[in-house]
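> quick one: sequence and predicted model below, then my questions.
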Amino acid sequence: MRSTARAIGIAIELIVLWLTSALAMLVLDMAFGGVTLDSVTVDGHTTTLPAALVLALVFGLLTAILWPVIVRAMSWIGPVVLFLLVFVANGLLLMLSLVLVPVATVDRTFDLFVMAALLSLFTSVVGGIIASRSDTSYRLMQVRRQRFRRRHTSGSSEVPGLLCLQIDGLGHEVLRRAIADGVTPTIAKLVRESHRLVPWHTDWSSQTGASQLGILHGSNHNVPAFRWFDKASGTISVFSNPRDNEQREFERADLPGLLAVDGASRGNLFTGGADDNVLVVSRMRGARLGGGAGYSSYFVDPSSALRTVVRMIAEIQRELRQSLHQRRRDIRPRVPRGGVYPFVRAFTTVVATDVTVATVVRDLIDGRGIIYADLIGYDEVSHHSGISRPETLAVLTKIDETVRLLSAVVEQADRDYHVVLLSDHGQSQGATFADRYGESLPQLVHRLCGDPAHPQTDDDSHRTYAEGQLYATASLRPSNLPEEPAVTTDAPVVLGSGNLGLISFPAIPGRADTASIEAVYPGLVDALRHHPGIGFLLISRPGSGSVVLGDGGTVDLATGAVTGTDPLRGFGPDALEKITRTDGFDNVADIMVGGAYWPETDEVAAFEEQVGSHGGMGGPQSTPFLLYPVELPDPPNPLHGAEALHRVLAGWRDNTANAQRAAGSFR
C-alpha cells in the first residue's frame, strides 16, 4: 500500500513539473522573439499552449534519458569548462526536441540556447520546492537513489561509518566565538547536545599540506613548509603541484592510509589511500582531472550546473561589493582583492563546495565506511578578508548550513555514522611583512646579500597557490597547473609560508651553518635576527648542533638552555619541541625564519600577501579544533601533531572493541 502511494505521489510530482515547465515555456516564448511557438485555434481563441505542452514533455524526456550519457562524454574536462558545455548541451537538447516535434520556429539560435538554460533552471527550482514539501529535500534524494545501482556493498550497516568534515583554516578560538555569537547554530547544537569540542596543536608547519599528509597518510616527516627548496635536486617542491603531492604519497606507500579501506577522499590535497577521489590535488593530472576526479555525477542533474553558475555570479558581485566597502572604510590590515581573486573566491565557496557536498551525499547513501571531505571556503576568504570579519563569518555560516544539510542526510542514510568535524590549522591575522616594512622577505634577503635587483624580489606574492586557486586553474587549464622552475643560479632562494620563511643557499654545499653563511654573506644572520619583523631564526652551528637565534637571546636545541631573552617566549610551550623536530628533517632550510608575533594584538606579519595567514607559529594558526561524538573514545589531552590525530581517527574508524583498545594506545 505504501509503495502504491509513493508511486502515485511521484506521478503527481512529474505531472506538476511537466505542467509548470509548459507554463514556463509560454513565458519564455513571449520574452524571446527568436523562438516562436506554433499556435492553434480552439473555439475561436488562438493559443500556443499545446505546442508548449508537447515541447516541454519531449524536452523533459530527452533530458532524463540522454543527460547521463552527455555528462559521461564530457566528464574528462574540468568543472568550469563543463559549466559552459552544460549550456551548449541544454541548447542542443532543445534543438533536438524541435527536430522530433517541430512545434516552433527558430529565428535566432542564441535565444534557443538561453531558453533551454532558463527552462532547466526553472525546473530545478520547481523540483526543489516539490521535494521540500515535507520540510526536507533529502527524502527525494532517497527516492532517486533507487534508480542507481550501489557501487559497493562491502561495508556492514551494523558497523557505524565515519564522516570527517574538515573546515579548512578554522581556528579553535574563532569557532568558540562563532558558537557564542550565533554564527554557527548547527555546530553549536552539536557541542551542546552530542559532541565534545577540543583543540589540537599542529606541527611547526601549520598548513594544509603538512596537516593533511599527517592526518590522511600517518606521516608528515620532511615537510618543513608549504614550499621548500630541495638542495639535492635543485628544485622547489610545493603542495599546489599535483606531481609533488603524488610524490609525497608515493614516499608513504608502505603506510596504511586513513581511507585505504572503503574510503572516499573529497576536496583534499591527498587521497589518504582511497581509490575514489573527487577534486583531490594529487590526482589532478592528465585525464584523471575529469573523469578520474569524479565530479561528473554532480552534473547528472543538468540544473546543478545552472544553479551553481547563478550562485557563482552572486558570489562574485558580493566580493566586489565587500572589497569596495573595505577600501572606502579604510579597514586595515587589508590586501589587494582584484585580479582573478573574485573568481577564485566564487569557485571555493560555491563550485568546490557544491561538488564536494554532492559527492559526500552520494557516499552516505552508498554507505561508505569512511569519508574525509575538505570545505575550503572559509580559508580562502579569510586570507583576503580577515579571520573573523563579518564577510568571513558569513561564509562560515554557509558552511554551518552545509553541516546541517549533511547531518540531515546522515539521519536518513541506511548506515549509522559518527560525524567528526575538524580543521587542519587555524589562521593568525595582521598586516603583511611587506606592508609593515616596505619590502618583502626576498627583497630584504637579497638586499642584505648585495643583490637587490635579483628577479625573485619582483614577486612579492611568491606565486602562492592555495587550494582554491589551484582548483580553479586546473578546471580552466589542466595543462597549465603551477610548476616551480628549477633553480639555476647560486643566489639565495627565499620562500614564504605564512609567517614562516625559508632561506636556502645553493652555493653552499650541504646544510649551511653560521660560519659558512658569514663567510659568503657577511652580516646577513645578524641583520635578520635583529629585524623587528622576525621573531627568531633556526640555524646550524659548526660542530655543535643547531641554535635558535633571537634579537636578545638564544636557545640551544640540544639542551634547551636559554641565553639572554628567550626568543620563543609567546610562541607556545611546545615551540621548542616543534622546532627540534623540524631541525631533524633532511630538507630543512639553511635558515628557517620564524616571523614576529605580537601577543598584545595577537598579530603576525605574513611573508605572503595575506591578511589572515598560516604556516608558522604565533597566535591561533597553530591551534585548530576537533569536534567528535561523546560516545567515541577521548583523544589524548593535549593532542600534538597531525600524526597523532591520524592515530585517533584511525582508531575511531575501526570502531567497537578495536576503537576502545586504540583509545588506550593514544595515551
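Thanks, I have the structure now. Small disclaimer: the values here were computed from a predicted structure and weren't measured.
> excluding chain neighbours, what is closest to the most centrally placed residue in the chain?
Geometric centre of the chain, nearest residue: Ile376, 2.9 Å, by C-alpha atoms, centre = their mean. Among residues not flanking Ile376 along the chain, Asp168 sits closest, at 4.5 Å (C-beta to C-beta, 6 or more residues apart in numbering). All C-beta atoms are positioned from the backbone trio N, CA, C, and that covers glycine.
> who's in contact with the one you found?
Contact partners of Asp168, counting by C-beta atoms under 8 Å, 6 or more residues apart in numbering, are Thr208, Asp374, Leu375, Ile376, Gly377, Tyr378, Asp379, Ser423, Asp424, Glu467.
> can we see that at 7 Å?
Residues near Asp168 by C-beta atoms under 7 Å, 6 or more residues apart in numbering: Thr208, Asp374, Leu375, Ile376, Tyr378, Asp379, Ser423, Asp424.
> touching, the last one and Leu165? I think so.
No: contact status for Asp424 versus Leu165: not in contact, 11.7 Å apart, counting by C-beta atoms under 7 Å.
> neighbour count: these two, which is higher?
Taking other C-beta atoms under 10 Å, Asp424 and Leu165 do not tie; Asp424 has more neighbours (29 against 24).
> related to what we said a few turns ago, how close does the residue nearest to Ile376 sit to Pro336?
22 Å (C-beta to C-beta, to the nearest Å).
> also Gly615?
To Pro336, Gly615 is 20 Å away according to C-beta to C-beta.
> who has more neighbours out of these two?
Gly615 (32 against 11).
> just give the number of residues close to the nearest residue to the more buried one once chain neighbours are set aside.
Counting by C-beta to C-beta, 6+ apart, Gly498 is the residue found nearest to Gly615 once chain neighbours are left out, at 2.8 Å. Gly498 has 30 neighbouring residues, counting by other C-beta under 10 Å.
> show the contacting residues for Gly498.
By C-beta under 7 Å, 6+ apart, the contact set of Gly498 is Gln207, Ala606, Glu608, Ser613, His614, Gly615, Gly616, Gln621.
> check Glu643 too.
Gly214, Gly218, Ser219, Asn220.
> what stretches of the stretch 451-600 of the chain score poorly on pLDDT?
455-488 (pLDDT under 70).
> show me where it has its strands.
493-497, 500-504, 534-540, 546-549, 553-556, 562-564, 591-595, 597-598 (DSSP state E, counting those that start in this stretch).
> and of the ones you listed, who's closest to Ala346?
Closest to Ala346 of the strands of the stretch 451-600 of the chain is strand 493-497 (C-beta to C-beta; 25.4 Å).
> alpha carbons of that closest one, as CSV, please.
Extracted C-alpha coordinates of strand 493-497, given in CSV (Å, rounded to 0.1, in the frame of the first residue of the first chain):
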residue,chain,number,x,y,z
VAL,A,493,66.3,31.0,-2.6
VAL,A,494,63.8,32.7,-0.3
LEU,A,495,60.3,31.3,0.2
GLY,A,496,57.4,32.2,2.4
SER,A,497,54.6,30.1,4.0
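> ok and it relative to strand 500-504, angle-wise?
Following axes from the mean of the first three to the mean of the last three C-alpha atoms, to 10 degrees, one obtains 160 degrees for the angle between strand 493-497 and strand 500-504.
> who's in contact with strand 493-497?
Contact partners of strand 493-497, identified using C-beta under 7 Å, 6+ apart, comprise 205, 207, 225-229, 441-442, 445, 456, 462, 487, 501-504, 506, 607-608, 615-616.
> among these, name the buried ones.
Among the contacts of strand 493-497, those buried by neighbour count (16 or more other C-beta atoms under 10 Å) are 205, 207, 225-229, 441-442, 445, 456, 462, 487, 501-504, 506, 607-608, 615-616.
> so which of the residues you listed are in helices?
Mapping the buried ones among the contacts of strand 493-497 onto helices (DSSP state H) picks out Leu441, Pro442, Val445.
> now render the contacts of Asp168 as a markdown table, adding distance to Ala515, secondary structure and pLDDT.
Below are the contacts of Asp168 laid out as a markdown table (distance: C-beta to C-beta, whole Å; DSSP: H, G, I helix; E, B strand; the rest coil; pLDDT from 0 to 100):
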| residue | distance to Ala515 | secondary structure | pLDDT |
| --- | --- | --- | --- |
| Thr208 | 36 | helix | 95 |
| Asp374 | 44 | strand | 97 |
| Leu375 | 48 | strand | 96 |
| Ile376 | 44 | coil | 93 |
| Tyr378 | 45 | helix | 96 |
| Asp379 | 41 | helix | 95 |
| Ser423 | 42 | coil | 98 |
| Asp424 | 38 | coil | 98 |
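> nearest to Val520, of the residues you listed?
Nearest to Val520, judged by C-beta to C-beta, of the contacts of Asp168 is Thr208 at 34.6 Å.
> what's the local residue count around the closest one?
Around Thr208 there are 29 residues (other C-beta under 10 Å).
> same question, Ala31
Ala31: 12 surrounding residues under other C-beta under 10 Å.
> before we move on, what about the one 3 residues further on?
For Gly34, the count of nearby residues is 15 (other C-beta under 10 Å).
> quick check, it in contact with Met115.
No: assessed by C-beta under 7 Å, Gly34 is found out of contact with Met115, at 8.6 Å.
> how near is Leu98 to Leu53?
With C-beta to C-beta as the criterion, Leu98 and Leu53 are 14 Å apart.
> may I ask which helix or strand of this protein has the lowest mean pLDDT?
helix 138-145 (a mean of 41; mean pLDDT, DSSP states H and E).
> can you list the strands that the very next helix or strand once past that helix pairs with?
Downstream of helix 138-145, the first helix or strand assigned by DSSP states H and E is strand 161-167. Partner strands and pairing direction for strand 161-167 (DSSP bridges) are strand 370-375 (parallel), strand 417-422 (parallel).
> which of these sits most buried?
The highest mean neighbour count among the strands paired with strand 161-167, using mean count of other C-beta atoms under 10 Å, belongs to strand 370-375: a mean of 27.
> which residues does it contact?
With contacts defined as C-beta under 7 Å, 6+ apart, strand 370-375 is touched by 161-168, 216, 258-259, 262-268, 272, 353, 356, 360, 363, 399, 402, 653.
> fine by me, thanks again.
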